[in-house]
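Chemist: A structural model of the following input is requested.
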Amino acid sequence: MLIKRNNQKKDKTSNWLDMRKMLSEFNRSLTLIVDKELLIANAISKIKQIVPVDRISFFLLQHDTDKIALADTSQPEDEVPLSTTFNIKSRLISWLAVNESYLLVSQSPNIIIYFTKQEQEIINTMKAEFIYPLKVMNRLSGLVFIGKKINGKDFHQEELDLLSLLLDQAAFAIENAILYEEQSLRIKKMYRADRLAILGQLAAGAAHEIRNPLTAIRSTIQYLGKEIQDPEKVEMINELMDEVDRINKIVQGLLSFARPSELETSKVHIDKLLQQTLMLVNNMVQKQQVNIQYDIQTDDTTLIADPAQLKQVFLNVILNAIEAMNNSNDKILTIKITHTRPIDLRSRYLVITFEDKGKGIAMEDVENIFNPFYTTKKDGTGLGLAISYGIINRH
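Modeler: The predicted structure is shown next:
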């Protein structure tokens, strides 16, 4: 009996040393990894070393929308849809923030009843047993759902303590990775803004120099064309006029990019503005058999904006989406409007998303899509998104 107890004590000590070693390795890895996805994947792997589970999901706070959205999961997609989100003011999030403690679902039926039906449904669907709040600087930055143990046993206190220690470390590392990501994005935006400003100056000069001789060329072609009767030569004249008009269109685009018009702002209903824009392309939508779907997640879509310039942006993006679905069997354009967190008490922001079922944009091309003259279209000028970027920037 004494030998058995000593063996159990040795096993327990050995297991504890293994866990300490694992946590130490995890802590070292946090200082080396700056990629958010890699950090979460590493954390999921370490959680499985502490407890025998196969259902682990990380939810992180989206700073622009005040929603806590699914970031990564080891669960099947039918158990946890990628669109699963929690509102920052929801009952589950409020309870975790106030109590600053984890929640064991099977041992807390009275607390679970307090949550909304939607929250209860998510917990049940994901078969969550252990819910842990990720906190940084006394602020909730996300949460983790962990399912029941594969062997059906309850969580031991030592396991709960180890999980808490690991997840607290992970919360800080993930927050730092997000800040690093945001800083990198900010630097890219600054570089792009400087580059576009220089290109704008060049474009203004080039457009002015091109436009004057272009007007003379067009007038001369028109004058000479009056005396030509040969059908073949008339066709050539018409083709020349078309090419001159195409150049003129590019020049006009250059001027719009280089010397944007001032914003004439007023109170705008974004949903109505979108409807008006879609009316302009109604024939194309019907011809291409595109199915337009709306997902408006706010009761109030009013903003102070320039309706004409915003309509230009929407038109550009919608036309791009329709063209991208030319060879697609599933022609769906989803337009979503989400209310997002204001920067100050006087401001109001909306996120307007266009999602199509087209071929998409290759990752290596994404960095270039706002550059003037960059296009993946056969007959594109490469100015549409550059102009749209400027309009949104001015707003």
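
Chemist: I'd guessed Leu163 sits against Leu134; true?
Modeler: No. At 12.0 Å, Leu163 and Leu134 do not qualify as touching, with contact defined as Cβ atoms under 8 Å. Yep, even glycine has a C-beta here, placed from its N, CA and C like the rest.

Chemist: Okay, now the unreliable bits of this protein?
Modeler: Applying pLDDT under 70 to the chain flags the ranges 1-32, 64, 82, 192-208, 253-260, 341-347, 379, 381.

Chemist: show me where it has helices.
Modeler: With helices called from DSSP state H, the chain shows them at 2-32, 36-50, 91-99, 109-114, 117-125, 157-225, 231-258, 270-280, 282-288, 307-324, 363-366, 384-394.

Chemist: What are the buried residues along the third one?
Modeler: So that's helix 91-99. Of all the residues in helix 91-99, those buried under the rule 16 or more other Cβ atoms under 10 Å are 91-93, 95-97.

Chemist: just curious, which of those is nearest to Asp356?
Modeler: Ranked by distance to Asp356 (Cβ to Cβ), the buried residues of helix 91-99 are led by Ile93 at 32.5 Å.

Chemist: Report the separation between the closest residue to Ala43 other than its chain neighbours and Ile44.
Modeler: Using Cβ to Cβ, 6 or more residues apart in numbering and skipping the chain neighbours, the partner closest in space to Ala43 is Ala170 (4.4 Å). Ala170 is 10 Å from Ile44, where distance means Cβ to Cβ, to the nearest Å.

Chemist: what residues are up against Leu350?
Modeler: 270, 298, 301, 303, 337-340 (Cβ atoms under 8 Å, 6 or more residues apart in numbering).

Chemist: neighbour-wise, which of those leads?
Modeler: Neighbour counts for those (other Cβ atoms under 10 Å) peak at Ile270, which has 21 neighbours.

Chemist: Please tell me how far that one sits from Lys117.
Modeler: Separation of Ile270 from Lys117 (Cβ to Cβ): 31 Å.

Chemist: and what of Leu96?
Modeler: As defined by Cβ to Cβ, Leu96 lies at a distance of 18 Å from Lys117.

Chemist: And Thr338, by the same measure?
Modeler: 22 Å.

Chemist: What of Glu239?
Modeler: Counting by Cβ to Cβ - Glu239 and Lys117 are separated by 66 Å.

Chemist: who's more crowded, the two?
Modeler: More crowded of Glu239 and Lys117, by other Cβ under 10 Å: Glu239, with 10 against 7.

Chemist: Of all the helices of the chain, which one is nearest Val80?
Modeler: With distances scored as Cβ to Cβ, the stretch of those nearest to Val80 is helix 117-125 (7.0 Å).
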